[in-house]
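J.: sequence-free structure coming up:
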């Protein structure tokens, strides 16, 4: 703890002129922040403030704005002084005014949105649009130039920051963390991201913990714990904390300037040492604790209640300015306290001597290209996925682990893209059989090694496989990495991908808004989620590990940005994987088992099948192109195998039955074409599924999802979907399938039941099938495994 | 940091005999743990180990078992010595063998499951069932007596522990935290739970951070950071850490015994001081860091690879014992190293002198009634909810905030149940208008107060409102509180309830298993989630705050345990709230807005309506009991208002149209009766929705959910569902409704389009409606608010 430093008497880093101008710039920011919240007209207060100048509905959050602007003003000084390449992530909830004000003062806002020009009219529009219908939100929505972090939901700013810093050795990412957000779980563990930052190849992250003191209506935990606990916590997280605490602007300016100089100097020293001496020992990176009053520079007191330095500054401190003259006066005095007439010229443009304080061009935080990552995005140099194909001479005759094959492909993707591709996963890259990547790169690890790590540990400071037991942190890293224009894939457990449901929701919303409405945001690499350790092979881990419901969450998001693929075998997974890695601006969800799996299609057939996304497998069908008696459909690898085994049984026992076998890879093919760009036309759908024949649909996830996607198809009344039915314990794979009704026997029985011509005729077969179920369950319960004929089932053709 | 203590030379707390017997008890546990993983027969090794004694599939995780058993053995000593009331939560993944072994040795397992008796046959069955089809899982599933924490998914053991300790002043909850789990976000922030533990009225939590060193294939972060960082981290979290580190059993026993004595003494001192002096200053509670080798006491090396003390011990260290003689020998030697013949008597029962070490009766950790909370659960003393009713003389004529009314009811529920009811929420109890509860109790707060806190802060050490900006922690607390038999309600933001999707999944699975299969587990209070700040009133917070998809997640869970209610007004919310608080073993999800809302039903009507769960509102219908032309259906408060306003428009413009108005409170009424216990029969469904008339269904959440629930109803083809369509930005409420098509105008247009007799006739009206939409949007974009006639719309009748 000796390293931690504070500045009771700050050194006088700033000369009086610089101090004065810095403070004026800060006042301009604060003026704009308050203006955004309150004003629909009279933006420069050229006339006395009247009720009609005030917005009818006052929204936005004043609480952290001045503190955030304070940091931004000082960062600008440092950027200019040291020619820093820096982006800024605003964590505190609804604190966009600070970033927006800076963006506007730096001219970037007007460049991107010319009608919000640097003059009185532009300022009026700039104020009016804020938290106003048809305008922009109160946190840093995608519309905010210079931002890659929206922060509508709290918890992810620090992991986003690290994602941005990876493989950007010259970049410094300043992350402002609200003390509310700091209470969330995702944020609390993301401090440990510093253990994954390699000072040689990666940039730096400078966390600024903003002890603003209050949430909506409560003190924050970190603002009230004793100083020694807070300091210990930051040291415990592996940081060297600096404290900037107070409320007197001049003193605080000097403190902040000195502290930031120190931090930049620490960062430079760390990087220089690491890079000159090839020293990847994990350093103690600096961080800043900024303790400033909530609502700093705002009204001290309103109606006898303390406002500055209290939770009453959290949102809009004076709410009735339209209807209450006294309140209107408070707002006017507050706005005038910043001296707008001394900050803006006759046209309403920031005065020249202050403009000179901002960085220029791409050095402006608001215009840094890293925050519009598509600008910097390089195409992946891709090997040909066909080179990794599994030879398939005969369908469903041999077994391959699809993810193991994908691993060899990913290995070479990584090899060819050693500075802009990473693989993410909680702790399971090997367990998920993607271990081939270790031939090229290990797992990032900067803490001390032990001798036994050499034996299969695959740890290295420059590893490109990112493993931490926090899905939140991994997802946050990948989002940050993607949004700054780089590529990746996150492999995770199916049941526990629900941990990041909410992060997925937020990222999908960001992508949709960017893609649909913001032409200036260049497309970024898609977020690729490989969902493995799937429900049907969690028979041994039990009920808690069985939950395929993430797909339901995904289907709620905009069809513009979500894609779901269920490749049935290794070659299909290769084809899908290649497609996803090349795509932009989507969330691609790929569901694939890691266990050895039947190979159905050779590479050519796989490419055709995956490109179509859905299709009839003639070799597995018995209708020979004629109108079938029944359609056996399936989506998902295990679901496909069981459906195929059911066909085999039916071929044998009901040889005249005409079965059509349909496999779905691209789940959104099932949706109507008007509802999703991948949706099939009704004609195409009907030509696959018929308009009147029974369809037995074996589905990977919860059955109702297929109904949700197909309810308005003509033949929907005949669709009988089998899927996970929330039944499971410790089982064998077949037993788990049986108790949920997705096994071959149950499917065959269902087919017999649904085909009118088999009524009665099939009774004997049904009897036999029921006997099979009993026999197989008995064996499983005795031996603890499925019979050999199940474990190694192959298609007889 | 001066407070932290370790024991380089441990005091000799244990005399040689005690030490020897403790160690033997530990060996018995370890023997059982290994037996569970490997043996299907020959449980006492009475004959040489043969391949046929080994399970065909080896499952379960050896890694943390010995460390956990080590702690349990020592806890038993302390329980006996100090007559402690203690439960134990096992955090490390798949580490059930330790808890199971203790449970069996204490006799509890045989009491609960008589066929797993304390003899050779019983032990065989006990071994065989573990991670075996039809048996139990490898983590502490609900089948484990003495456990309230399954830990299938990682992250929640500490918050569960605190939930159990609240309002149980004599209870000590020892929580064993795996160093893998410690990397998760939810765990990382749950350390701060100590800021909410009142030493007077609450029990104690003793965290034991188990630095086992490795996850599946990686070192853990906390095991590799320098000692001073780890110590600082624990101090920073507000704890007084004690370190027990090593691998020599005898030394470790002495260290552990001394350290636990110290911890119990610290806890007692804290509680005594607090209780005698009424001192609620937050103490620094003790915690233990246990650093022991992964796979402790297991094989040191296999095939030249280090196993003990390496990630290779994580699961099954020797995997091929059935097929490889050498491996079989290793397993046999390993098992015999514990000396089973010295631990178990001729019948296979633990020898008497070791039995004497275990606590007795309800003092056994495995039989502590707190871990079967239904045993201790007291009914809530409930006020009559009717006393809080809003007077409704005329439907939809006045506005009331439903949650504000619920708040007055909850206030009195709290008043009457000041030791077994709590209210949970991130930071929004006031914002969600439940502030009436503050008349009875404040928010728990033990850290220093500032003068301004007295002004509306509602902070107090004995507050029963639990606020922390971590949905994970709150949900974990409530689950722990519920599972130990106490009652609560968690109010949270609709969009961000997705943060706990996965926790909800896991809790629902626990409840289902307990309820359906485990008669000995007594029913516990339902987990009540009040979802507010709903999508339709997040027009001002924007797109990130709009996500009603939690309901989709909920509908995937077992119909045995999930319930969803969408009360349309304050009186209905009271009725539903009362019902939920009285219920057991469900997750009740209640969706209700916090903003002032139209009152539709007086209390009598509300009770009838909520009891039926779905019904026709005659006063809002124009079909006068006849077959209608169109059914206007709705679920959700805003959806109901807009549907009603649409009816009003249609009444005026299409006076001959026969409209039936159906409101749904209990969403599962829509499901078929065979699929959910609340499901309507087809006859009842058809009698409400007709079999051939168009149904315009205005839904609170994503439209497809209604299709998912109703796809197999006769009239499904005529159901036209309106719901959130993933469209939003900063809007007015009406604008948000319009862009998603759930507004009155769009609904009226849809009705006109669907009713054959209005074809052509309604064109003029449709034109007018389209004009209304344009006019209202223009107003909203100009003024920033909706027109008065929208904001204060009432039903004209």
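T.: Thanks, I have it. Predicted model, so just to flag it, every value in this text is computed and none were measured. Residues are numbered from 1 along each chain as shown, chains lettered A, B, ... in the order given.
J.: okay, how far is it across stretch A:425-432, tip to tip?
T.: End-to-end distance for stretch A:425-432, by CA to CA, to the nearest Å: 9 Å.
J.: right, I mislabeled it, should have said stretch A:705-724
T.: Stretch A:705-724: ends 11 Å apart by CA to CA.
J.: cool, and stretch A:577-592?
T.: Distance across stretch A:577-592, first residue to last, is 11 Å (CA to CA).
J.: Pretty sure residue A:321 sits in a helix.
T.: No. Judged by DSSP: H, G, I helix; E, B strand; the rest coil, residue A:321 forms no part of a helix; its state is coil.
J.: That one touches residue A:53, doesn't it?
T.: No. With contacts counted by CB atoms under 8 Å, residue A:321 stays clear of residue A:53, the gap being 9.2 Å. All C-beta spots, glycine's among them, are computed from the backbone N, C-alpha and C.
J.: what's the domain layout of chain A?
T.: Using automatic domain parsing, the domain parsing of chain A gives A:5-375, A:385-597, A:613-791.
J.: Could you tell me how far the residue of the stretch 451-600 of chain A found nearest chain B is located from residue A:479?
T.: Distance from chain B to each residue of the stretch 451-600 of chain A (CB to the nearest CB) is smallest for residue A:544, at 2.5 Å. Distance of residue A:544 to residue A:479, given as CB to CB, to the nearest Å: 27 Å.
J.: of these two, who's got more company?
T.: Neighbours per residue (other CB atoms under 10 Å in any protein chain shown) separate residue A:544 from residue A:479, with residue A:479 holding more: 28 against 22.
J.: Hmm, the more buried one is touching residue A:160, no?
T.: Yes. Counting by CB under 8 Å, residue A:160 is a contact partner of residue A:479 at 5.9 Å.
J.: where in chain A is pLDDT low?
T.: Applying pLDDT under 70 to chain A picks out residues A:1-10.
J.: By residue count, what's the longest helix in it?
T.: Determined from DSSP state H, the single longest helix within chain A is helix A:249-277.
J.: just checking, what packs against that one?
T.: Judged by 3 or more CB pairs under 8 Å, 6 or more residues apart in numbering or on different chains; DSSP states H and E, the packing partners of helix A:249-277 are helix A:16-38, helix A:65-82, strand A:204-211, strand A:239-245, strand A:285-291.
J.: just the ones you listed: most buried one?
T.: Greatest average neighbour count among those goes to strand A:204-211 (a mean of 27), per mean count of other CB atoms under 10 Å in any protein chain shown.
J.: And it, what does it pack against?
T.: helix A:65-82, helix A:157-165, strand A:171-178, helix A:221-224, helix A:249-277, strand A:285-291.
J.: Reformat those as TSV; add distance to residue B:667.
T.: Shown next, in TSV, are those (distance: least, CB to CB, whole Å):
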stretch	distance to residue B:667
helix A:65-82	41
helix A:157-165	35
strand A:171-178	36
helix A:221-224	37
helix A:249-277	53
strand A:285-291	46
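J.: Residue A:574: which of those is closest?
T.: helix A:157-165 (26.6 Å; CB to CB).
J.: Which residue ranges of the stretch 401-550 of chain A form strands?
T.: Here the stretch 401-550 of chain A has its strands, by DSSP state E, counting those that start in this stretch, at A:421-425, A:443-444, A:459-460, A:465-467, A:487-493, A:527-532.
J.: could these go into CSV alongside distance to chain B?
T.: What follows is the strands of the stretch 401-550 of chain A, written out as CSV (distance: least, CB to the nearest CB, whole Å):
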stretch, distance to chain B
strand A:421-425, 10
strand A:443-444, 7
strand A:459-460, 7
strand A:465-467, 6
strand A:487-493, 9
strand A:527-532, 14
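J.: Residue B:335 is nearest to which of the ones you listed?
T.: Residue B:335 lies closest, by CB to CB, to one member of the strands of the stretch 401-550 of chain A: strand A:487-493, at 31.8 Å.
J.: which strands and helices sit next to the closest one?
T.: Applying 3+ CB pairs under 8 Å, 6+ apart, we find strand A:487-493 packed against strand A:421-425, helix A:471-483, strand A:527-532, helix A:570-582.
J.: Out of these, which is the most enclosed?
T.: Mean neighbours per residue, mean count of other CB under 10 Å, is largest over the helices and strands packed on strand A:487-493 for helix A:471-483, with a mean of 28.
J.: so how far is that helix off the chain centroid?
T.: Chain-centre distance of helix A:471-483: 6 Å, with CA atoms, centre = their mean, to the nearest Å.
J.: That one near chain B anywhere?
T.: Yes. Judged by CB under 8 Å from any CB of the partner chain, helix A:471-483 and chain B are in contact via A:471-473.
J.: The closest residue to residue A:161 other than its chain neighbours: neighbouring residues, count only.
T.: Closest residue to residue A:161 apart from its sequence neighbours, by CB to CB, 6 or more residues apart in numbering or on different chains: residue A:175 at 3.8 Å. By other CB under 10 Å, the residues close to residue A:175 number 26.
J.: and residue A:83, how many neighbours does it have?
T.: Other residues within reach of residue A:83, judged by other CB under 10 Å, total 9.
J.: what about residue A:704, neighbour count?
T.: Residue A:704 is flanked by 25 other residues according to other CB under 10 Å.
J.: my guess is it contacts residue B:708, does it?
T.: Yes. Between residue A:704 and residue B:708 a contact is recorded at 4.6 Å, counting by CB under 8 Å.
J.: still on that earlier bit, wait, the residue of the stretch 451-600 of chain A closest to chain B touches residue B:138, no?
T.: No. Look at residue A:544 against residue B:138 with CB under 8 Å: they stay out of range, at 10.3 Å.
J.: rewinding a little: beta partners of the residue nearest to residue A:161?
T.: residue A:89, residue A:207 (DSSP bridges).
J.: Same question for residue A:527.
T.: Going by DSSP bridges, residue A:527 forms beta bridges with residue A:587.
J.: show me the residues around it that make contact.
T.: Contact analysis of residue A:527 by CB atoms under 8 Å, 6 or more residues apart in numbering or on different chains lists A:478-479, A:482, A:490, A:507, A:511, A:586-588.
J.: Need the residues you listed in TSV (columns: distance to residue A:274).
T.: Formatted as TSV, the contacts of residue A:527 follow (distance: CB to CB, whole Å):
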residue	distance to residue A:274
A:478	24
A:479	26
A:482	26
A:490	27
A:507	32
A:511	35
A:586	36
A:587	35
A:588	35
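J.: Quick check: the two most widely separated of those residues?
T.: Longest distance between any two of the contacts of residue A:527 is 15.3 Å, between A:490 and A:511; criterion CB to CB.
J.: what about those two, which has more around it?
T.: Set residue A:490 next to residue A:511 and count neighbours by other CB under 10 Å: residue A:511 wins out with 28 against 24.
J.: Pretty sure the more buried one sits against residue A:583.
T.: No. At 11.5 Å, residue A:511 does not count as touching residue A:583 under the criterion of CB under 8 Å.
J.: related to what we said a few turns ago, what's the residue nearest to residue A:161 in contact with, if anything?
T.: Residue A:175 makes contacts with A:88-89, A:91, A:157-158, A:160-161, A:205-208, as judged by CB under 8 Å, 6+ apart.
J.: Closest to residue A:216 out of those?
T.: Taking CB to CB as the measure, residue A:91 is the one of these closest to residue A:216, at 15.8 Å.
J.: what is in contact with residue A:704 and residue B:708 at once?
T.: residue B:555.
J.: And the next helix or strand past the helix or strand encompassing residue A:751?
T.: Residue A:751 belongs to helix A:744-754 when assigned by DSSP states H and E. Next helix or strand after helix A:744-754 toward the C-terminus (DSSP H and E): helix A:763-783.
J.: who's in contact with the helix or strand following that next one?
T.: Later in the chain than helix A:763-783, the nearest helix or strand by DSSP H and E is helix A:788-791. Contacts to helix A:788-791, defined as CB under 8 Å, 6+ apart, come from residues A:733-734, A:776, A:785.
J.: Swap in 10 Å and give it another go.
T.: Helix A:788-791 is contacted by residues A:399, A:596, A:645, A:732-735, A:737, A:743-744, A:776, A:779-780, A:785 when judged by CB atoms under 10 Å, 6 or more residues apart in numbering or on different chains.
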